[in-house]
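Chemist: I'd like to go over a predicted model; first the sequence, then the structure.
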Amino acid sequence: MAQPAETSIVIPAYNEAASIGPLVAELLGAAPWREILVVDDGSRDGTAAAATAAGARVIAHPYNMGNGAAVKSGIREAAGEYVLIVDADGQHRPADAMRLISRLGEYDLVIGARSSATQATATRRIGNALLNGLAGYLTGRPIPDLTSGFRGARRACLLEFLHLLPNGFSTPTTTTLTFIKAGYSVCFEPIEAAQRVGQSKIRLGPDGFKFTLILLKIITIFSPLRVFVPISLVTFAGGLAYGLWTVVTQSHLTNLSVLLIFLGVVIFLFGLVSEQIAALRLEGRR
């Protein structure tokens with residue numbers, strides 16, 4: 001079990017002056033943490049001053065580099081054996097922080113899984129449910145909350161995958177998938193999320209598409225056949241079905257059906273080669 005004295009809290013913040021001070025104060029009152037790092041990602045509203053006044057150590061970016069870039073800066077600077085990442089918008093309850101780190105040590109990554117009822121809007125809930133379902137299929141295990149930013153992990157494990165983390169709003173997605181596919185133990189701890197302070201910076205359409213691309217990118221790095229096999233089967237089956245139909249109705253096999261069957265085989269072979277490359281990458285991983 002991780003102890004607060006071994007845990008660095010990392011809070012990425014961009015224009016969160018209204019919520020950062022109370023959040024830091026509540027966290028400091030919850031446990032004797034190793035440190036609380038607020039990474040000010042180029043804010044223009046006094047976020048850094050509010051965090052410093054509340055008792056946090058502030059790391060300042062010269063301009064807005066993205067949520068993921070702020071998380072990476074915090075991980076690099078953290079002194080604790082464990083890192084607990086907390087969003088700055090006031091959604092996460094400091095009292096839940098102790099619940100998450102109590103599972104660290106037993107697990108390498110602990111994620112605060114929000115109940116669907118406490119997630120913002122109906123549209124957001126539907127979008128998250130679709131992403132969770134796709135991620136569950138690609139990883140082979142249920143994922144109740146893919147995008148929760150409230151998570152704790154061993155710092156050494158996070159550093160191992162730091163080069164894979166994007167600079168934008170998909171760090172939670174990437175860490176969840178990489179830890180699962182790399183064989184680290186992952187736990188989803190149920191939490192209740194509060195209403196965030198201020199306006200969300202995530203845009204459902206563009207960012208949802210980016211999250212989907214991140215899913216496919218990470219899975220093709222660690223388990224490519226999860227992507228290639230379904231595409232291959234659909235293409236092959238489509239070509240075979242079309243070929244049988246043309247043979248029955250037109251007494252000949254069309255070029256299109258042959259092309260689809262051949263394409264299905266080629267995609268499958270690409271998947272096999274990619275799987276071998278992924279296995280070699282994992283063998284070379286520390």
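Modeler: Cool, the structure landed. Numbering: from 1, shown residues only.

Chemist: for residue 274, the count of nearby residues, please.
Modeler: 17 (other Cβ atoms under 10 Å). No exception for glycine: its C-beta is placed from N, CA and C like everyone else's.

Chemist: what ranges do the strands span in this structure?
Modeler: Taking DSSP state E as the criterion, the chain carries its strands at 7-13, 35-41, 57-61, 82-85, 109-114, 151-154, 186-191.

Chemist: contacting residues around the first one?
Modeler: Right, strand 7-13. Contacts with strand 7-13, where a contact means Cβ atoms under 8 Å, 6 or more residues apart in numbering, come from 20, 23-24, 27, 33-41, 43, 47, 51, 56, 67, 70-71, 74-75, 78-88, 97, 101, 104, 152, 155.

Chemist: between it and strand 57-61, what angle do the directions make?
Modeler: For strand 7-13 against strand 57-61, the angle by axes from the mean of the first three to the mean of the last three Cα atoms, to 10 degrees is 40 degrees.

Chemist: residue 179 reaches residue 173, doesn't it?
Modeler: No: Residue 179 lies out of contact with residue 173 (Cβ atoms under 8 Å); the separation is 11.3 Å.

Chemist: tell me the confidence at the residue lying farthest from the centre of the chain?
Modeler: Most distant residue from the mean C-alpha position of the chain: residue 251, 52.0 Å away (Cα atoms, centre = their mean). On pLDDT, residue 251 comes in at 85.

Chemist: also residue 39?
Modeler: Taking residue 39 on its own, its pLDDT is 97.

Chemist: mind listing what it touches?
Modeler: 10, 11, 12, 13, 58, 59, 60, 61, 70, 71, 73, 74.

Chemist: drop anything exposed from these.
Modeler: 10, 11, 12, 13, 58, 59, 61, 70, 71, 73, 74 (16 or more other Cβ atoms under 10 Å).

Chemist: ok, the residue nearest to residue 4 when sequence neighbours are not counted to residue 188 distance?
Modeler: In this structure, residue 4 finds its nearest non-sequential neighbour in residue 31, 3.8 Å apart by Cβ to Cβ, 6 or more residues apart in numbering. According to Cβ to Cβ, to the nearest Å, residue 31 stands 22 Å off from residue 188.

Chemist: which one of the two has more residues nearby?
Modeler: When residue 31 and residue 188 are compared for neighbours, residue 188 comes out ahead with 22 against 16, by other Cβ under 10 Å.
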